[in-house]
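> Fold the stuff below for me.
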Amino acid sequence: MSKKGILAIVSISIVVLSAIVLAVLLQSTSGTLKQTQAELGTTKATLQKTETARTELEKTLTESQTTLAETRSKLSHTQEILQNASKAARNIAVERNALQQDKSALESEKEKLRAKLTEIESELQRIRVQSQRSITAIQEKFKDTVGAVLDDAGQLKLDVKGKILFETGKATLSQEGKALLDAIAEEVLLNTHYANYAVRIEGHTDDAPIGGSALRNWDLSTERAIAAVKYLQVHAGVDAQRLAATGYAFYQPIDTADTPEAKAKNRRIEIILVPPQDFLSELLTSLQNVMESIEAK
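Have a look, this model is predicted:
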């Protein structure tokens, strides 16, 4: 075989071998490509999932940041509440101490008021006992001429019928009236038990206008009270500083009936003995109210 033939065979063999190698390479490359494409698809799917996960993560992160901001706000608010609560607790403690001190002071004051109340009630009882003795003595001595009443404030009121002291429409004491005032002064006004009592003389008329004028009733009631005061001072020896005169005309009747008997009751002189403790009734009420208030607190 000639050299050319050999070269030709070699060339053909090389070509065939190259074709085979190329075919093998192509086959291998095709498989690799398919594998690569499959991996690429998987990668794309993974990437898609990753993107979705990233989006979800960003959303979660945003929500977490919002929640964190809200939590911080609530925490700040809670801290403020705690601070206020702590301040309130301190204030309550201060107020509790103050209230305790007030309570102690009130208890002390209550004891003082209770002692004072007991003292006043004892004094009132003494006045009632003495006044009742005087009332009994007056009623026994003057029968129906003089009425006597002791009110809640310890005031002894002697009710003297006007016809005994004065003639009708007059302001000049009768002899019988002078004798009656002397007896009242001796029995009551100058009694040592009433030495510190003020003596208030009050004049009263009925509602019949005197001389056709109701204004004259004022004059008559006042003039009669003054006449009694002057007599007690000058002739009965009652200290002038204890005496006072007042006229009420017909504006304080004790019987409002339109009868002769009622009018006779209303024509009167009242001699009122006012103790130095004239405020006792009001003071008792005030003290009782204060003590009830203290008990309530």
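
> any idea what residue 187 is structurally, helix, strand or coil?
Under DSSP: H, G, I helix; E, B strand; the rest coil, the three-state class of residue 187 is helix.

> residue contacts, it?
Residues near residue 187 by C-beta atoms under 8 Å, 6 or more residues apart in numbering: 134, 137, 138, 141. In short, each C-beta sits where N, CA and C put it, glycine included.

> any idea how far the last one lies from residue 182?
The gap separating residue 141 from residue 182 is 12 Å, by C-beta to C-beta, to the nearest Å.

> likewise the first one?
Plainly put, residue 134 is 16 Å away from residue 182 if you go by C-beta to C-beta.

> Give me the more crowded residue out of those two.
residue 134 (19 against 15; other C-beta atoms under 10 Å).

> any idea which element that one lies in?
helix 3-142 (DSSP states H and E).

> Give me the packing partners of that helix, helices and strands only.
Packing contacts for helix 3-142, counted by 3 or more C-beta pairs under 8 Å, 6 or more residues apart in numbering; DSSP states H and E, involve strand 146-150, strand 156-161, helix 175-184, helix 280-296.

> Looking at these, which is nearest to residue 218?
strand 156-161 (19.6 Å; C-beta to C-beta).

> CA atoms only for the closest one, dumped as PDB, please.
Provided in PDB are the C-alpha atoms of strand 156-161 (Å, rounded to 0.1, in the frame of the first residue of the first chain):
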ATOM      1  CA  LEU A 156     -87.600  80.400 134.300                       C
ATOM      2  CA  LYS A 157     -90.600  82.200 133.000                       C
ATOM      3  CA  LEU A 158     -93.200  83.700 135.400                       C
ATOM      4  CA  ASP A 159     -96.500  84.600 133.700                       C
ATOM      5  CA  VAL A 160     -98.400  87.300 135.600                       C
ATOM      6  CA  LYS A 161    -101.900  88.100 134.600                       C
END
